[in-house]
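> Quick one: sequence plus predicted model below, questions after.
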2 protein chains.
Amino acid sequence: MLKSTPPTAENSGDEPARGDSARGPASLHDEILGRLRDYIVEGNLEAGDRVPERELCEMLGISRTPLREALKVLAAEGLLELLPNRGARVRGLSAQDLIELFDVMGGLEALAGRLACEAITDDEIAEIEKLHYDMYSCYVRRDMHGYFRFNQLIHQKIVAAARNGALASTYSAMTSRLRRARFTANTSRSRDRWSEAMREHEEILDALRRRAGPELGEILFQHLRNKRSAVTSKAEDQES
Amino acid sequence: MLKSTPPTAENSGDEPARGDSARGPASLHDEILGRLRDYIVEGNLEAGDRVPERELCEMLGISRTPLREALKVLAAEGLLELLPNRGARVRGLSAQDLIELFDVMGGLEALAGRLACEAITDDEIAEIEKLHYDMYSCYVRRDMHGYFRFNQLIHQKIVAAARNGALASTYSAMTSRLRRARFTANTSRSRDRWSEAMREHEEILDALRRRAGPELGEILFQHLRNKRSAVTSKAEDQES
DNA sequence: TCAAGAAATAATGAATGCATTATTGCCGAC
DNA sequence: GTCGGCAATAATGCATTCATTATTTCTTGA
């Protein structure tokens, strides 16, 4: 049984604009695609679950054709896997998948940082500074939820400042795949990681202010590498 | 009118394995997807052309449903664009698109080089060395066609050596989008670029031998940056 | 009682049909 | 002769239907 109806907005909340097909849902297929993606990314379906076409069709009030078109796209994005004659299943993330995805994110963020330094305006830097201090304030208050929110916004702003739509959409796709895994980093070791991450963000902001592209790229890559280590080292605890 | 029937193999020739859905065509949809992608990448449809569903269906001997599913996926990959109630069109590459794609390729190749140095075996390095010398031999013979072939193989090998499926499939998608644009670099200035590229490849091989990951990444990024400049500076000549 | 096999049921994959929208061709007006 | 509007045609988007495959359930035998 499904848990709740998929959201009705094509891009809910703070989700970054999807690079290539950004503007409103032109066709029914497009709208279904966005809603289904959100539905899956938000974790309404467990990893390994088969996707119930019938129920989703009734829930969305559509026929199977546009739904199945969306499933094919989501499979191409890596969120689902298609088993022959057995339909679509929610693709789980193995430890190896996590490593790979974090590394790719590192490469993309490094690129974003480098490009951003070539194009970013003073205003944009000021915005990121503000987000940085908001995030810091969450850090000292131990508000992990808020911290993550600002953290994501900062990285999104950097990607946006890179002025590269192809990068933005690729980054967004990777983010979707990773977001299904909620990393409730609450172990004792993760507190050390938290302060370390905060220090790294100081460096990020500093390099950005100086518009030191290659240096910022390197910092961001290492930032993601460290995040990767923190996540995969405690992957044995829980994975969903 | 269409030019010839789409290829029947799902991955013709030296195309790298598509990361996520690598193994043989499980469903009809999958096979159609591969054949259509090759058909488009090989330039059988002009940029801006609308994709004739009817003809393609007859040509492939299938109904519109699996074809349209494939079109949706190809649109998500960036090869096509879907206009509401006006079907799919082959997406052309603007100068801005070229810049963006080359930069993303630079970021991905930089990452690939870095990761490759962490995992590559001596045998793989030897293979790449061989390809490098084959490529050099083409260079001295002014065999541009052969040069490009070996060039691509080298870059593919580096990506493969990175041992990262997510990277491989992302890279493959970008390659597909770029391959539609045939860069027959035959201007007078491009000869200078050619020798410059050859020198850069010497550096690539050198850094790879030393397994100097970050250095190799930097070289590869600049390599792509230079390629980008060479291509976009003469973008006014011809674009297809 | 349990296991193995067969029938019944449901789900998937693909084809076809229908309503809507775009495109083309034609006619008349200026 | 050309421009603008209207009908005819074709194409698209989605729903529905059909065949095939998987899954469940029921039966039968040990």
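Alright, I've got the coordinates.

> Just give me the longest helix of chain A.
Selection of the longest helix in chain A by residue count, based on DSSP state H, yields helix A:95-119.

> roughly how far is that one from the heart of the chain?
Put simply, helix A:95-119 sits 12 Å off its chain's centre (CA atoms, centre = their mean, to the nearest Å).

> what comes up buried for it?
Neighbour-count burial for helix A:95-119, with 16 or more other CB atoms under 10 Å in any protein chain shown as criterion, is recorded at A:97-117. All C-beta atoms are positioned from the backbone trio N, CA, C, and that covers glycine.

> touching chain B at all, it?
Yes: residues of helix A:95-119 contacting chain B under CB under 8 Å from any CB of the partner chain: A:97, A:100-101, A:103-104, A:106-108, A:110-111, A:114-115.

> could the residues you listed go into JSON lines alongside pLDDT and distance to DNA strand D?
Supplementary listing: these in JSON lines, determined by pLDDT from 0 to 100; distance: CB to the nearest atom of the strand, whole Å:
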{"residue": "A:97", "pLDDT": "95", "distance to DNA strand D": "23"}
{"residue": "A:100", "pLDDT": "97", "distance to DNA strand D": "28"}
{"residue": "A:101", "pLDDT": "97", "distance to DNA strand D": "28"}
{"residue": "A:103", "pLDDT": "98", "distance to DNA strand D": "34"}
{"residue": "A:104", "pLDDT": "98", "distance to DNA strand D": "31"}
{"residue": "A:106", "pLDDT": "98", "distance to DNA strand D": "37"}
{"residue": "A:107", "pLDDT": "98", "distance to DNA strand D": "35"}
{"residue": "A:108", "pLDDT": "98", "distance to DNA strand D": "31"}
{"residue": "A:110", "pLDDT": "98", "distance to DNA strand D": "38"}
{"residue": "A:111", "pLDDT": "98", "distance to DNA strand D": "33"}
{"residue": "A:114", "pLDDT": "98", "distance to DNA strand D": "38"}
{"residue": "A:115", "pLDDT": "98", "distance to DNA strand D": "33"}
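
> Out of the residues you listed, which is nearest to residue A:194?
Looking at the residues of helix A:95-119 next to chain B and their distance to residue A:194, the nearest is residue A:106, at 18.8 Å (CB to CB).

> picking up where we left off before, what's the angle between the longest helix of chain A and helix B:95-119?
Computed with axes from the mean of the first three to the mean of the last three CA atoms, to 10 degrees, the direction of helix A:95-119 lies at 130 degrees from that of helix B:95-119.

> Following element in sequence after helix A:95-119, please.
helix A:122-140 (DSSP states H and E).

> Can you give me the pLDDT of the one residue sitting closest to the centre of chain A?
A centroid search over chain A (CA atoms, centre = their mean) returns residue A:175, at 2.2 Å, as the residue closest to the centre. Residue-level confidence at residue A:175 comes out at 96, pLDDT.

> next one: residue A:233
Here, the pLDDT recorded for residue A:233 equals 78.

> How much space separates it from residue A:147?
Residue A:233 sits at a distance of 20 Å from residue A:147 (criterion: CB to CB, to the nearest Å).

> out of those two, which sits in the more crowded spot?
Neighbours per residue, other CB atoms under 10 Å in any protein chain shown: of residue A:233 and residue A:147, the larger number sits with residue A:147, 21 against 13.

> ok, that one touching residue A:137?
No: at 9.1 Å, residue A:147 and residue A:137 do not qualify as touching, with contact defined as CB atoms under 8 Å.

> Run through chain A and note the low-pLDDT ranges.
A:1-26, A:183-189, A:234-240 (pLDDT under 70).

> ok, which stretches of it are helices?
Taking DSSP H, the helices of chain A run over residues A:28-41, A:53-60, A:64-77, A:95-119, A:122-140, A:144-161, A:165-179, A:188-209, A:213-233.

> mind putting the ones you listed in CSV, distance to residue B:192 included?
Shown next, in CSV, are these (distance: least, CB to CB, whole Å):
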stretch, distance to residue B:192
helix A:28-41, 46
helix A:53-60, 57
helix A:64-77, 40
helix A:95-119, 25
helix A:122-140, 37
helix A:144-161, 33
helix A:165-179, 28
helix A:188-209, 34
helix A:213-233, 25
